[in-house]
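Asks: What would the 3D arrangement of this be:
(2 chains)
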There are 2 protein chains.
Amino acid sequence: MARDVTADPRDEILRAAARLFQQRGYDATSMNDVAAALKLSKGGLYHHFQSKDEILFDLMEQAMDITQDRVIDPVRRLIGDPEQALRALIRLHIDLVSSLRDREITVLLHENHPLPPALRRRVNARKKEYVRFLESLIADVQRARKTRPSVSARAAAFALLGMINWIYQWYKPEGELRGEELARQFTEIIFSGAFQ
Amino acid sequence: MARDVTADPRDEILRAAARLFQQRGYDATSMNDVAAALKLSKGGLYHHFQSKDEILFDLMEQAMDITQDRVIDPVRRLIGDPEQALRALIRLHIDLVSSLRDREITVLLHENHPLPPALRRRVNARKKEYVRFLESLIADVQRARKTRPSVSARAAAFALLGMINWIYQWYKPEGELRGEELARQFTEIIFSGAFQ
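Replies: All right, here's what the predicted structure looks like:
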C-alpha cells in the first residue's frame, strides 16, 4: 500500500529530502539543508543516513517500491486478461506520476544523478524489470488479438513509458488534460498503434 | 546548419562542459573542472563565461538552436503538406536525440537544474513554442484527413514528445530499435492513434 505519514524518522527524512531536491535541485541541496528542514542536528541526520548518495538511493528504491505496490501488483492480479491488465497499467501508472505527493519521489528515477556504480546498477535492474514486464504484457495482448502488428511489443513498451514518464514535464493538476481523460487518450494511442 | 568543430573558444568550452555534465552530473562539475579539461586557466575560462549558470543557459539555448536548425526549419518548408511535415518532424527529431554528438546537449533541456528564474522562463518559452508548433501540425493533419479523431492534437503532441524525448533513457546505437525502423514504428503509433 501507499506509505502514509508515519513517525518513522527515516521516512520523514526521505520525504523532506525529496522535497528539497525537487525545489533546489539535488546537488544544490546539502546534508545541512536536509537537517535544517527537519530541525535535526547534523549528527541526528548522520545517525540515519551516512551520505546524500544513500538518501538518493533509498528514494529511488522507494519510488520503485511505490511503483510495485500501486501499479505492478494490482496489474499482476489481472494477468488472466492481458487487455484489462494493460488498460489498468496505463491508468494506474498515470495516476502515480500525476500525483503531487509521489511526483517528488518518482521523478528522481529519471534524472542523471551521480550514484555509485553498484547502486546505479541495482536501480537500473529494477527499471529493466518493469520494461520487460510491460513488453511481455503488450506481446500477450498482441497474441490474444491474433493480429499481425506492424509495431513491435518492445517499441510500444518504450513509447508508452516515454508518454507516461514525460507527463511530469507538462502536467498541470488544473489543466484540461488529466485524470481519466488523459488515461483514455493515451490508452487509445497505444491500443490503436500496437494492436491494429 | 549543424555546428561543426570550430576554433570559437566559447563553442569549445560549451562542448567540453556538456560532456563533463553528462559524465559526472551538472552539480558535481565545477568551473575548475571545465577549465582543466580544456587546459585553460580559471581566468581564461571566466573571460568567456561568468558562471556555470551562464554555461548551462547557453547550452540550453544551443540545444534549442539545433532543434530549430535540424527539425523545425526543414519541417516548416513542408508546411503545404502537413502529413509529410509531421512524418519528417518525427524522423528528424528522432535523428537528433539519438545522435551521440548532440545528445550531450539536448538532454540538458530535460533535467531540472536550478537556473535563475529569468533564464528558466526564456528556455521554457522556447520549449512551449515547439509544443504549440507540433500541436498545430497534428491538428492540420487531422483536418486534412477529415476524420473525427478521439485523441486531441494536444494529447497526441505530448505523447509524441514523451516518446521521442524519452529515447535517451534506453537507446543503444548498436540495438535493434534504431534509425529508420524506430522512426517508422513511432510514426505508426502516432498516426494510428491520432488520425484513425
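Asks: Next up, the contacts around A:Leu38.
Replies: A:Glu12, A:Ile13, A:Ala16, A:Leu45 (Cβ atoms under 8 Å, 6 or more residues apart in numbering or on different chains). Bear in mind the C-beta positions are built from the backbone N, C-alpha and C, glycine included.
Asks: near chain B at all, the lowest-mean-pLDDT helix or strand in chain A?
Replies: When the helices and strands of chain A are compared on mean pLDDT, DSSP states H and E, helix A:100-106 comes out lowest with a mean of 84. No. Using Cβ under 8 Å from any Cβ of the partner chain, helix A:100-106 stays clear of chain B, with a minimum separation of 11.0 Å.
Asks: tell me what that helix is packed against?
Replies: Under the contact criterion of 3 or more Cβ pairs under 8 Å, 6 or more residues apart in numbering or on different chains; DSSP states H and E, helix A:100-106 touches helix A:9-24, helix A:52-67, helix A:82-98.
Asks: coming back round to it: drop the exposed ones from the contacts of A:Leu38 and show what's left.
Replies: Neighbour counting over the contacts of A:Leu38 (16 or more other Cβ atoms under 10 Å in any protein chain shown) leaves A:Glu12, A:Ile13, A:Ala16, A:Leu45 as the buried ones.
Asks: Redo those residues as a markdown table? Include pLDDT and distance to chain B.
Replies: Shown next, in a markdown table, are the buried ones among the contacts of A:Leu38 (pLDDT from 0 to 100; distance: Cβ to the nearest Cβ, whole Å):
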| residue | pLDDT | distance to chain B |
| --- | --- | --- |
| A:Glu12 | 93 | 23 |
| A:Ile13 | 95 | 20 |
| A:Ala16 | 94 | 18 |
| A:Leu45 | 96 | 20 |
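Asks: Of the residues you listed, just say which sits nearest to A:Arg178.
Replies: Comparing these against A:Arg178 with Cβ to Cβ picks out A:Ala16 as the nearest, at 27.2 Å.
Asks: Make sure A:Val107 is actually in contact with A:Ile167.
Replies: No. Applying Cβ atoms under 8 Å as the test, A:Val107 and A:Ile167 come out as separate, 10.1 Å apart.
Asks: Farthest-apart pair in the contacts of A:Leu38, please.
Replies: Pairwise distances across the contacts of A:Leu38 peak at 10.9 Å for A:Glu12 and A:Leu45 (criterion: Cβ to Cβ).
Asks: Might you list the low-confidence residue ranges for chain A?
Replies: A:1-7 (pLDDT under 70).
Asks: Give me the neighbour count for the residue in it positioned nearest to chain B.
Replies: Chain A approaches chain B most closely through A:Asp27 (2.2 Å), counting by Cβ to the nearest Cβ. For A:Asp27, the number of neighbouring residues by other Cβ atoms under 10 Å in any protein chain shown comes to 17.
Asks: Torsion angles phi and psi at it?
Replies: Taking degrees, to the nearest 10, you get phi -80, psi -20 for the backbone angles of A:Asp27.
Asks: check contacts around it.
Replies: Contact analysis of A:Asp27 by Cβ under 8 Å, 6+ apart lists A:His113, B:Gly25, B:Tyr26, B:Asp27, B:Ala28.
Asks: Please report the residue range of the longest helix in chain A.
Replies: Longest helix in chain A, counting residues (DSSP state H): helix A:117-145.
Asks: If you count neighbours, what's buried in it?
Replies: Within helix A:117-145, the residues that qualify as buried are A:119, A:123, A:126-127, A:130, A:133-135, A:137-142, counting by 16+ other Cβ under 10 Å.
Asks: Which pair of those spans the longest distance?
Replies: Distance extremes for the buried residues of helix A:117-145: the farthest pair is A:Leu119 and A:Gln142 at 35.5 Å, using Cβ to Cβ.
Asks: quick revisit: show me the contact partners of the least confident helix or strand of chain A.
Replies: The contact list for helix A:100-106 (Cβ under 8 Å, 6+ apart) reads A:2, A:14-15, A:18-19, A:21-22, A:59, A:62-63, A:66-67, A:96-97, A:168, A:173.
Asks: next one: stretch A:175-187
Replies: By Cβ under 8 Å, 6+ apart, stretch A:175-187 touches A:87, A:90-91, A:94-95, A:98, A:160, A:163-164, A:167, A:171-172, B:150-152, B:154-156, B:158-159.
Asks: And these, which of them are buried?
Replies: Buried subset of those (neighbour count, 16+ other Cβ under 10 Å): A:87, A:90-91, A:94-95, A:98, A:160, A:163-164, A:167, A:171, B:151-152, B:154-156, B:158-159.
Asks: Could you find the closest non-adjacent residue to A:Arg87?
Replies: A:Thr187 (5.9 Å; Cβ to Cβ, 6 or more residues apart in numbering or on different chains).
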